[in-house]
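Undergrad: With the sequence up front, the predicted model follows.
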Amino acid sequence: MIEKKLFQDIRFSFILILIFFIILLPFLLFKKNIYIITSNSMSPYLNIGDLIYVEKKNSSSIKVGFNEGDILIIRGPNYYYENGLNPFFFNNLLNNTPIIHRAIDKKIINEKYYFLMKGDNNLLVDGAYKIINSSEDYSYFFIEYNKSDAIYVSEDEVLGVYIFKIPYIGYLKIFFPYILIFIISIIIILICLKLTGYKIIIIKTKS
């Protein structure tokens, strides 16, 4: 009898885990084409938790403009850092953190395209500012903004162009460790209850 219960519990646990990984399958199959929005810089067009799908696009075909420009995904902030931008302006993002902003302008230098980027929810163009005076801990600082000195990003840094989004589903990936721990905990509790014969009974009382 105990062996039969144990088999049923193992089968139930396997089904739960299988369902969970089926949900995560798109993340695995399209890993290189899927990104999760984790900031409000593109709000309200893209919001935290949105899953976005991107594809490669010829640089000459990329549209630019404050409203109609394509949304590009670049490798990370390292290109800006190498070209003089203080990491403070990107909240000290790590070099491998993709940046997802709109292309508002482009130009050709030595037969290579370069793009000017801006978050829809940001007041300033990316890389068009510098700190001219500040305290060591940045408790106070003064910046100089000059759009004509903005940093244009090389086409070599572009990973893809935004195609479509699925709202909220990105939270599955953001909170993946917590969801996995929760599911495993539930499975362990259910198995323990079945093996020991204990049951959870909910008693409703009238107020």
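TA: The structure has been received and is ready for your questions. All figures in this text were calculated on a predicted structure; none of them were measured in a lab. Numbering: from 1, shown residues only.

Undergrad: where do the strands sit along this structure?
TA: 34-36, 51-55, 71-74, 99-109, 112-118, 129-134, 141-145, 153-154, 158-166 (DSSP state E).

Undergrad: got JSON lines for those strands, with mean neighbour count and distance to residue 17 too?
TA: Glycine gets a C-beta too; all of them are placed from N, C-alpha and C. Listed next are those as JSON lines, based on neighbours: other CB atoms under 10 Å; distance: least, CB to CB, whole Å:
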{"stretch": "strand 34-36", "mean neighbour count": "19", "distance to residue 17": "22"}
{"stretch": "strand 51-55", "mean neighbour count": "18", "distance to residue 17": "22"}
{"stretch": "strand 71-74", "mean neighbour count": "22", "distance to residue 17": "31"}
{"stretch": "strand 99-109", "mean neighbour count": "19", "distance to residue 17": "32"}
{"stretch": "strand 112-118", "mean neighbour count": "21", "distance to residue 17": "41"}
{"stretch": "strand 129-134", "mean neighbour count": "13", "distance to residue 17": "49"}
{"stretch": "strand 141-145", "mean neighbour count": "12", "distance to residue 17": "50"}
{"stretch": "strand 153-154", "mean neighbour count": "20", "distance to residue 17": "42"}
{"stretch": "strand 158-166", "mean neighbour count": "17", "distance to residue 17": "23"}
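
Undergrad: so can I have a markdown table of the ones you listed showing distance to residue 83 and mean pLDDT?
TA: Listed next are those as a markdown table, based on distance: least, CB to CB, whole Å; pLDDT from 0 to 100:
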| stretch | distance to residue 83 | mean pLDDT |
| --- | --- | --- |
| strand 34-36 | 23 | 90 |
| strand 51-55 | 24 | 93 |
| strand 71-74 | 13 | 96 |
| strand 99-109 | 13 | 96 |
| strand 112-118 | 11 | 96 |
| strand 129-134 | 11 | 76 |
| strand 141-145 | 16 | 75 |
| strand 153-154 | 9 | 96 |
| strand 158-166 | 16 | 94 |
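
Undergrad: Which among those strands is found nearest to residue 188?
TA: strand 34-36 (28.8 Å; CB to CB).

Undergrad: Start and end of stretch 106-114, how far apart?
TA: 5 Å (CA to CA, to the nearest Å).

Undergrad: Could you give the bridge partners of residue 100?
TA: residue 73 (DSSP bridges).

Undergrad: could you dump the strands of the chain to CSV with distance to residue 87?
TA: Putting these into CSV (distance: least, CB to CB, whole Å) gives the following:
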stretch, distance to residue 87
strand 34-36, 21
strand 51-55, 25
strand 71-74, 16
strand 99-109, 13
strand 112-118, 16
strand 129-134, 11
strand 141-145, 13
strand 153-154, 16
strand 158-166, 20
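
Undergrad: Helices of the protein, residue ranges please.
TA: 2-29, 78-82, 171-174, 176-196 (DSSP state H).

Undergrad: Which one of the ones you listed has the poorest average confidence?
TA: Note on these: helix 2-29 shows the lowest mean pLDDT, a mean of 63.

Undergrad: for residue 53, what are its contacts?
TA: Contacts for residue 53 (CB atoms under 8 Å, 6 or more residues apart in numbering) come out as 30, 33, 34, 162, 163, 164, 165, 166.

Undergrad: Please convert these to TSV, extending it with distance to residue 58.
TA: Formatted as TSV, the contacts of residue 53 follow (distance: CB to CB, whole Å):
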residue	distance to residue 58
30	21
33	17
34	21
162	15
163	14
164	19
165	22
166	25
